[in-house]
Structure formats: structure tokens, C-alpha cells
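Engineer: With the sequence up front, the predicted model follows.
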Amino acid sequence: MKVGLFVPCYVDAIYPEVGVMTYKLLRSLGVDVDYPEKQTCCGQPMGNAGFEKLAVPLAQKYDDLFRNFDYVVAPSVSCAAYVRVYHPALLKGKSPMHECVASKKTVDLVEFLHDILKVKSLPSKFPHKVSLHNSCHGVRELGLSSPSERNIPKFNKIIDLLNLVEGIEVVEPERPDECCGFGGMFSVEETAVSLRMGKDKLRRHIATGAEYITGPDSSCLMHMGGVAKKMGLNIKFIHIAEILAAGI
Amino acid sequence: MSTKHSKYAEDYLKDDPVVDRHDKTFFGVREKRDRMAHDLPEWEQLREAADNIKRHTVTHLADYLEQFEANATKNGIHVHWAKDADEYNDIVLRILQKHNVKKVVKSKSMLTEECHLNENLEKNGVEVIETDLGERILQMMQLAPSHIVMPALHVHREQIGDCFREKIPGTTESNDPTYLTHVARLHLRQQFMEAGAGMTGANFGIASKGEVVVCTNEGNADMSTSMPKLHIVSMGIEKLIPDYSAMAVFQRLLARSGTGQETTVYTSHFRGPRPGGEMHIVLVDNGRSDILGNQEHWQTLKCMRCGACMNTCPVYRRSSGYSYTYFIPGPIGVNLGMLRDSNHYYDNVSACTLCCSCDNVCPVRVDLSKQIYRWRQELDELGHADALKKFMSKRMAWMFNHTGVYNGALSMAKMMNWMPRWILNSKMNPWAYGHEMMKFPKKSFHKIWKKMKDEK
């Protein structure tokens, strides 16, 4: 099995350790991973802002770079969701030479570990209490957990994975899948609402008594982290890849 | 980079306790709804059935409308067709004038808001009395509804007490809710007695029976139609469903989704005039046929106005109904406003984080957030795209499309760490409004990879 690693632009620039830990984790599980160096961005920032036409060449490039892998793994749920949910429509009719293939093979790290590798044990240790941030696109576009709105059997693939880590205590905040208010350019266009949502979310995470807020998407963590720092709140942020690979 | 919604919301958000109360109240309604949804094992099947019934009905609307008209006429109801708000207002006014009506009692109807019926009637010398308690309070306070199902939930009882003391003679100093309700009850009773006509909306029109169904918690629609001999129903053409089997599905979904009740207190079927009275149904298009022809947005016609999408929307709960420029707020309002007049209501398209919660509560499975995403794509062509946002998007796309430029930017990013805080925190940087700037690492993943792959 050949896996392409997609490290989204902002993770590349701001949180490279998330990419590194994802790579180390996959390698330790015996996966053959490659990282096409010409990759940049999936196009989500432009799409959510209302300029998805600008994202079309990026979707095309993504498809060209990743189409020959068996799977593409991204440690960022909203980017994986954008590729999977929106890329086919972006490339419809735009690439007559071939259909959009990489989209179907793209999964978030959690899906890859939980559904494809079906990981049942991990050598990692993380003796801390963490509050899980269920990012919206993970919950409602990728189906990493049962959305609180729906009457379907309860499940949470992220918690399943985190519980494989030795010493960890995983909790969820009240309103476990309410949005943190990031929303890409929403955070700079609707600044007041975004900030208020971020504060509310932080308060609920902190109320769990956790040391860390963790989640499958660094953009939510970046938003909450920025608000927490500005407010002088004492809580740490860590991507789940860093926990799942802790000690590897 | 801002919209009317973001500016109104910023203003609203200055009062923390008010926002707290608003958010908690509406999230509370969402939680009640969740309990109802989780109590029914067949909940998701009901949603699917409702979705399918509405898809079927709105795509066969012409047939069902004719069936409805034929059956209603057989039942002795006068059926009118209005292509737009003006025609609708004229039809209602003509009926009222023919019966020499000077005062109308009406139950809640979003369609009458949409067509500005009240203003139009008042202008022509007809007094209109809202009989839904929330709507009546707002009418006396001269305020618009801030939610489609719980229109006055944002008003405190002290404000209601003050309003009653000013408008209803004899009201004492007490703000006790039971007392205030009693005052309203006596006041409204008088209005029911004096009115020459009762107007209602319609939650559903049943084609096979030629009847309308009206759901209320206060029985005010029933009072409005029990005293006056003349009953006028205002109904959007999308309110039609085929038959009672369909009604059974919607009856189970409506109140559970909207207010977290198993059912509304009153579910009244109106199938003909009272003895010696007259009943009219005005079927209103007002843009609905155009929506039906709109490939991207026709699914909004499935909406039954339960309000669940507002209650769950994290943006609505923190910005309130008045931050939206269309009279229907929240996710469905953003979409309906754009369909009403995209040149006028585009400011609401920003009010969404694309969290998709609305898509999952919607009892008829309207793809609300996906539609908002699509509206955003249309803004540029409409000439309403934010200039700075467009500039930023173009710059980003250019950078991402040129790997060399992108790599250059990556190496430069760490320079940001050396920028003085006062520059980063300036008004030019909207991120700094509520966030401390992020620290950029010494090396990007791209750089680290080059080293890692050699060690592979």
C-alpha cells in the first residue's frame, strides 16, 4: 500500500510538527509513505470565502500529484473534507482527460488509522487529561463521530484511537460538537461572533479540568489558541497526531 | 472586511449577559429538540420520509395545486391565486372591504410578514390585531419578530410589563408572568369579539382533502376563526402536501423539531366555512415558482418553517435575529433572503461558519450550509464580493499555484515573529482583534521533509 502524505498549507507553515508526527506514526505502523513536494493547498480558504473558481487549478494540481497513490492521508479534517466533498464538483467538466480520482482516496489521519489500518494498539504514552475538540467537518462531513443532532448509534473514532494511548484521560466539553467559530475567513469577516464563539468554546473545554485541548484539525486549535493567549488563559493545545505518536 | 450582519452582531455582542441569555435560551430549545429526536427510534426515517414527500410534492406542484383547489372549492371555500405580494394584498383587502371589515384578528403567519400585509391593511383603514402573544407584544412595541417560531423570546418581562401599562389601561405595576398573561388574555378576548374577520396562515395544505392545517400553542388561530364569520387563509404554494399519510409524518416532526414538544397544543384542520360564514384561501406564489426553477436552491421550498436551524446555529444564537437584514434570520433566512432579492440581502451570507449543524437538525433535510457556500460563490458575479477578501483570495491562490513563490513565503513566514506586536496588533490585521499572533516555526514541513527523506 502506497500512501501520499498531504500536509495542508497552514500546517506546513505553522505546525510542521503535526506533519512530522503523522509521518513518524505512519512509518511506525509499517506504511510506505511519500510526500509529493509540489503540494501546497487544497483550495478550501478560497472556496469558503466565495472564490472557488480560484481553487480549481489547486484541485487539479492536487489530483495530478496524488492520483497514483492508494490513499492520501491528511492530518487536518477540514482539508480532507474539502477535497472529498468539494473537489469532484470543482473538477467536473474541467478535466476532460480524466475523472477526479485523488478525492475518493483522500482520508483524514483518524479515518486512515481507524477504518483502513484498523489499528488496535499503539506504543504511545501520554499521561495527561485532554479535552477533545470534535471539529465540525470531522463530525459532519467525514463522520468521525455521531453528530449530536442525529439519532444514530453513538460513536467517536477519535476517542477510540486516543484510548489506545497509555496513561491518557480523554474528556469532552459540554456541547461536544458545537463550532469553535473559526470558519476560515469567517474569523476575520465576522470577528465579533467568531471571537465570542471561541471564548465560549474555550470556557467549556477549560471547565473539564483538562491540561490540553486536542483535536484532529489544527485550524480550530489555532483559533482557540490565539484567543486563549490573548486572554491569558492557561491551557495547552496539541494535535491528536502528536499524542498518537508520543514516544515513538 | 465586514458586512451589515457582522457590524450589527458586533454591536449586539457588547452586552455579554444579553448574549448569554439568548444563546442559552435557544440552545435549550435545541436540547429539548434533541431529547425528542432521540426518543423516537424512527427519527431519521421520518426525516427521510419528509424529505421525499416534499421533494415529490414541490416537483409535482401544479398537479397538487389543482387538486387542492378543486377539493377546497367542493368544500365551499373560495380559492384565490396571487402571483405576488401586491396581488395578495389586493385580494385580501377586497375581501375585507366587501364585508365592510374594520378590524382583523390574525394568528401568526410569516407569509403576511413577507408580503407586508399589516402595513398595507392599516394604510387602507383596517386595524390588524396579532393574536399570537409574542407577536402581539411585538406589535404593541412596534418591533419586528426576531425568530420565526418564538418571535419575542428576546424581550424581558419587565419590558412587556412596561408596554402593557402604556397600551392596556388598568394594568398594574406587577411584572408577574401569570398576571401579564392574564392581562393579555382579557385584552385579546375583547379583540376577538370585535373583529370582523379572522386571518390565519397555514402550516400545511392537504391536497386530497382541500383543507388547511394550522398549528398553534395558544389556540389563537381557533379563537380568530371561532368569533368572526369570515376566515381568510394565507398560504404559500409550497405548503402543500398530498394527503393525511403525509400529514402524519409532518405532524410528528414539526413541533419536535421547532420547540421540542411532541406536538403543538392545537392542531386544527379547517375544511370549510362556519355555518353562515365564508372561508377564503389565498394561494401565494410571490417568487416561489422562480425558486422551483433554481437548480442550486430549489430545496429551500421543502422548508416548513420550524425554526430548528436558527436554534442550533451558533452564529444566530450569538448575534440574534436583528443582526440579519432579512426578516427571517438564521440559516434558512440567509438563503430565503438571497432568493427574495440577492442585491438587497447579501449581507447575511457572511453569517455562517459552515459548521453544518443546521443540515443535520433540519427535519426535511434542506442542505442549508451547502446552499450558503454556493451563495458565496455567486456574490462575485452579483458584484457584492468583499474587495479585500477577493484580493486576499487571489493573492493566496497565486501563491499556492506557484510552488516557488509558496516555498519562498514559507521561508519568510518566520520573519513575522520579529515584527513588533504593535504592528501585528494594528487595525490592519483583523486576526489581532481577538487573537494573539501565532509563532512561526524556524522550518516549515517542506524544509524538514527534505532532511527526513534522506534519512528514510
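Structural biologist: Nice, I can see it. Numbering: from 1, shown residues only, chains lettered A, B, ... in the order given.
Engineer: How about residue A:164: what's its closest non-neighbour residue?
Structural biologist: Among residues not flanking residue A:164 along the chain, residue A:122 sits closest, at 4.4 Å (C-beta to C-beta, 6 or more residues apart in numbering or on different chains). C-beta here means a position set from N, CA and C on the backbone, and glycine is covered the same way.
Engineer: And the one you found, its phi and psi?
Structural biologist: Main-chain torsions, residue A:122, degrees, to the nearest 10: phi -140, psi 150.
Engineer: Distance of it relative to residue A:244?
Structural biologist: 6 Å (C-beta to C-beta, to the nearest Å).
Engineer: re earlier: state the distance from the residue nearest to residue A:164 to chain B.
Structural biologist: Computed with C-beta to the nearest C-beta, to the nearest Å, the distance linking residue A:122 and chain B is 21 Å.
Engineer: okay, now that residue: neighbour count?
Structural biologist: The number of residues packed around residue A:122, counting by other C-beta atoms under 10 Å in any protein chain shown, is 23.
Engineer: now swap in residue B:283 and tell me
Structural biologist: Other residues within reach of residue B:283, judged by other C-beta under 10 Å, total 25.
Engineer: Could you double-check that it lies in contact with residue B:237?
Structural biologist: Yes: here residue B:283 reaches residue B:237: they are 5.4 Å apart, a contact under C-beta atoms under 8 Å.
Engineer: residues contacting the residue nearest to residue A:164?
Structural biologist: Applying C-beta atoms under 8 Å, 6 or more residues apart in numbering or on different chains, one finds that residue A:122 lies in contact with A:161, A:164, A:165, A:244.
Engineer: Neighbour-wise, give me the winner out of these.
Structural biologist: residue A:244 (28 neighbours).
Engineer: Are the helix ranked longest in chain A and chain B in contact anywhere?
Structural biologist: Within chain A, and with DSSP state H defining each element, the longest helix by residue count is helix A:191-206. Yes: in terms of C-beta under 8 Å from any C-beta of the partner chain, part of helix A:191-206 sits within range of chain B, namely A:191, A:192, A:193, A:194, A:195, A:196, A:197, A:198, A:200.
Engineer: Give me the contacts around that helix.
Structural biologist: Applying C-beta under 8 Å, 6+ apart, the set of residues contacting helix A:191-206 from outside is A:131, A:133, A:173-175, A:178-183, A:186-188, A:213, A:223-224, A:227-228, A:231, A:233, A:235, B:6, B:9-10, B:13, B:19, B:23, B:314-315, B:318-319, B:351, B:353, B:430, B:433-434.
Engineer: Mind checking the pLDDT average for it?
Structural biologist: For helix A:191-206, mean pLDDT rounds to 97.
Engineer: Can you give me the buried ones in it?
Structural biologist: A:191-202, A:204-206 (16 or more other C-beta atoms under 10 Å in any protein chain shown).
Engineer: Which parts of chain A are helices?
Structural biologist: Here chain A has its helices, by DSSP H, at A:9-14, A:16-28, A:44-49, A:56-66, A:77-81, A:87-91, A:102-105, A:109-111, A:136-140, A:157-162, A:186-189, A:191-206, A:218-231, A:240-244.
Engineer: where does residue B:362 land on pLDDT?
Structural biologist: The predicted local distance difference test score for residue B:362 is 98.
Engineer: what about the closest residue to it other than its chain neighbours, how many neighbours?
Structural biologist: Beyond its immediate neighbours in the sequence, the residue positioned closest to residue B:362 (C-beta to C-beta, 6+ apart) is residue B:309, lying 5.9 Å away. Here the count is done by other C-beta under 10 Å, and residue B:309 has 28 residues near it.
Engineer: ditto for residue B:294
Structural biologist: For residue B:294, the count of nearby residues is 12 (other C-beta under 10 Å).
Engineer: check contacts around it.
Structural biologist: Each residue near residue B:294 by C-beta under 8 Å, 6+ apart is listed here: residue B:339.
Engineer: Which secondary structure state does it sit in?
Structural biologist: Per DSSP: H, G, I helix; E, B strand; the rest coil, the local secondary structure of residue B:294 is coil.
Engineer: that older thread, any chance of the contacts of residue A:122 in a markdown table with pLDDT as columns?
Structural biologist: Putting the contacts of residue A:122 into a markdown table (pLDDT from 0 to 100) gives the following:
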| residue | pLDDT |
| --- | --- |
| A:161 | 98 |
| A:164 | 97 |
| A:165 | 97 |
| A:244 | 97 |
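Engineer: okay, these in CSV with distance to residue B:31 next?
Structural biologist: Compiled in CSV, the contacts of residue A:122 are given as follows (distance: C-beta to C-beta, whole Å):
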residue, distance to residue B:31
A:161, 28
A:164, 32
A:165, 32
A:244, 32
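Engineer: Now do the same contact list for residue B:433.
Structural biologist: Each residue near residue B:433 by C-beta under 8 Å, 6+ apart is listed here: A:188, A:191, A:192, A:195.
Engineer: and residue B:331, how far is that from chain A?
Structural biologist: Distance check for residue B:331 against chain A: by C-beta to the nearest C-beta, it reads 13 Å.
Engineer: Leaving out the residues flanking it, which one is nearest to the residue nearest the centre of chain A?
Structural biologist: Among the residues of chain A, the smallest C-alpha distance to the mean C-alpha position (C-alpha atoms, centre = their mean) belongs to residue A:76, namely 2.4 Å. With sequence-adjacent residues excluded and distances taken as C-beta to C-beta, 6+ apart, residue A:76 is closest to residue A:8, at 4.8 Å.
Engineer: measure that neighbour to residue B:410 for me?
Structural biologist: In this structure, residue A:8 and residue B:410 are 13 Å apart, going by C-beta to C-beta.
Engineer: between these two, which one's more packed in?
Structural biologist: Neighbour comparison, residue A:8 and residue B:410: the larger count goes to residue A:8, with 28 against 22 (by other C-beta under 10 Å).
Engineer: Check whether that one really touches residue A:42, as I assumed.
Structural biologist: Yes: under the criterion of C-beta under 8 Å, residue A:8 is in contact with residue A:42, at a separation of 6.3 Å.
Engineer: Now do the shared contacts for those two.
Structural biologist: residue A:79.
Engineer: my read: residue B:382 touches residue B:344, true?
Structural biologist: No: Residue B:382 sits out of contact with residue B:344 when judged by C-beta under 8 Å, with a separation of 10.8 Å.
Engineer: and the chain, what are its domains?
Structural biologist: Since you didn't name a chain, this refers to chain A. Under the assignment named as automatic domain parsing, the residue ranges that make up the domains of chain A are A:2-116, A:129-244.
Engineer: my question was about chain B
Structural biologist: Taking automatic domain parsing as the criterion, chain B consists of the domains B:4-28+B:307-382, B:40-289, B:402-455.
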